[in-house]
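>>> 3D model of this:
(chains A and B)
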Amino acid sequence: GAVVSQHPSRVICKSGTSVKIECRSLDFQATTMFWYRQFPKKSLMLMATSNEGSKATYEQGVEKDKFLINHASLTLSTLTVTSAHPEDSSFYICSARDGQGGNQPQHFGDGTRLSIL
Amino acid sequence: GNSVTQMEGPVTLSEEAFLTINCTYTATGYPSLFWYVQYPGEGLQLLLKATKADDKGSNKGFEATYRKETTSFHLEKGSVQVSDSAVYFCALSKSGNNRKLIWGLGTSLAVNP
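As a prediction, this is how the structure comes out:
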């Protein structure tokens, strides 16, 4: 089945550091990728929708200057948490959809556990 | 607007018990419906899906039937195993708007040996 690789799986860094998370679709082309944030024992919160070659669409309340998204190719999207602070600590998950037509499901990466000290 | 409502957890069962996790939705038209599973410390995996009324999705012994008349997509398994312990998310997807997923809050399942 479709595989999405997310890297790194865990990051621990000091406050003020910028952290980049990569999301790759390994065996399909993903014109659309999604970035989620998950708080402990909570559902997923969609942060932004990323389309290859265009600016990401951010959900209400998500700071686009804080969470920079780049979708430079059909197989790679990156999320950069700029000047991270402890409140940015969370589980970040990306997903990618296989193709544009029909009702293709989203395929998820294994997530990145971000801890800001 | 579109929404998904799941039964609240946590659900605790003994091994080989019957499982039902209720999911109902609100949406116009004909959404696609999904169940995703999240094992401890991992990302989400698609468990099963259904794209039209009366479709039955099935995988790994789990089943869910798309019931338009009751706007439901309940997840069932006849005999759960310890390895089924996870959080289960019901979701719907509409056409257009990049077909974003609308998520339920998730139901935590713990299966005891």
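
>>> The residue nearest to A:Asp110 when sequence neighbours are not counted: neighbouring residues, count only.
In space, and not counting its chain neighbours, A:Asp110 is closest to B:Gly43: 4.1 Å by CB to CB, 6 or more residues apart in numbering or on different chains. C-beta: built from backbone N, CA, C; applies to glycine. By other CB atoms under 10 Å in any protein chain shown, 23 other residues sit near B:Gly43.

>>> how about the residues of chain A near chain B?
Listed as neighbours of chain B in chain A under the rule CB under 8 Å from any CB of the partner chain: A:6, A:32, A:34, A:41-44, A:46, A:49, A:51, A:57, A:93, A:95, A:97, A:103, A:105-111.

>>> pretty sure B:Gly9 contacts B:Phe89?
No. Using CB atoms under 8 Å, B:Gly9 is not in contact with B:Phe89; the gap is 11.3 Å.

>>> Looking at these two, which is more packed in?
The neighbour count for B:Gly9 versus B:Phe89, taken as other CB under 10 Å, is higher for B:Phe89 (24 against 16).

>>> coming back round to it: give the residues shared as contacts by B:Gly9 and B:Phe89.
B:Gly106, B:Thr107 (CB atoms under 8 Å, 6 or more residues apart in numbering or on different chains).

>>> Name all residues that make contact with residue 73.
All of this is about chain A. A:Ser73 sits in contact with A:Glu52, where contact means CB under 8 Å, 6+ apart.

>>> oops, I was thinking of chain B
Per CB under 8 Å, 6+ apart, neighbours of B:Phe73: B:Cys23, B:Thr24, B:Tyr25, B:Leu33, B:Trp35, B:Ala50, B:Ala64, B:Thr65, B:Tyr66, B:Arg67, B:Cys90.

>>> looking at this, A:Glu87 is in a helix?
Yes. Checked against DSSP: H, G, I helix; E, B strand; the rest coil, A:Glu87 lies within a helix.

>>> Local confidence estimate at it?
pLDDT, A:Glu87: 94.

>>> Repeat that for the one 4 residues further on.
For A:Phe91, the model assigns a pLDDT of 93.

>>> so it sits right up against A:Thr112, yeah?
Yes. Here A:Phe91 lies in contact with A:Thr112, judged by CB under 8 Å, at a distance of 7.2 Å.

>>> Excluding chain neighbours, what is closest to residue 27?
The chain I'm using is chain A. Per CB to CB, 6+ apart, closest to A:Asp27 is A:Val3, 5.7 Å.

>>> actually it's chain B I care about, not the one you picked
Leaving aside its chain neighbours, B:Ala27 sits nearest to B:Asn2 (4.5 Å; criterion: CB to CB, 6+ apart).

>>> before we move on, the earlier item: filter the residues of chain A next to chain B down to the ones in strands?
Per DSSP state E, strands hold the following members of the residues of chain A next to chain B: A:6, A:32, A:34, A:44, A:46, A:49, A:51, A:57, A:93, A:95, A:97, A:106-108.

>>> Output the below-cut-off pLDDT ranges for chain B.
Where chain B drops to pLDDT under 70, the residues are B:95-98.

>>> All the strands of it, residue numbers only.
So, for chain B - with DSSP E - the strands run B:3-6, B:11-14, B:19-21, B:23-26, B:32-38, B:44-50, B:56-59, B:62-65, B:75-77, B:86-93, B:101-103, B:107-112.

>>> Distance to chain A for those strands - can I get that in TSV?
TSV is the format used below for the strands of chain B (distance: least, CB to the nearest CB, whole Å):
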stretch	distance to chain A
strand B:3-6	9
strand B:11-14	14
strand B:19-21	14
strand B:23-26	13
strand B:32-38	4
strand B:44-50	4
strand B:56-59	10
strand B:62-65	14
strand B:75-77	16
strand B:86-93	7
strand B:101-103	5
strand B:107-112	8
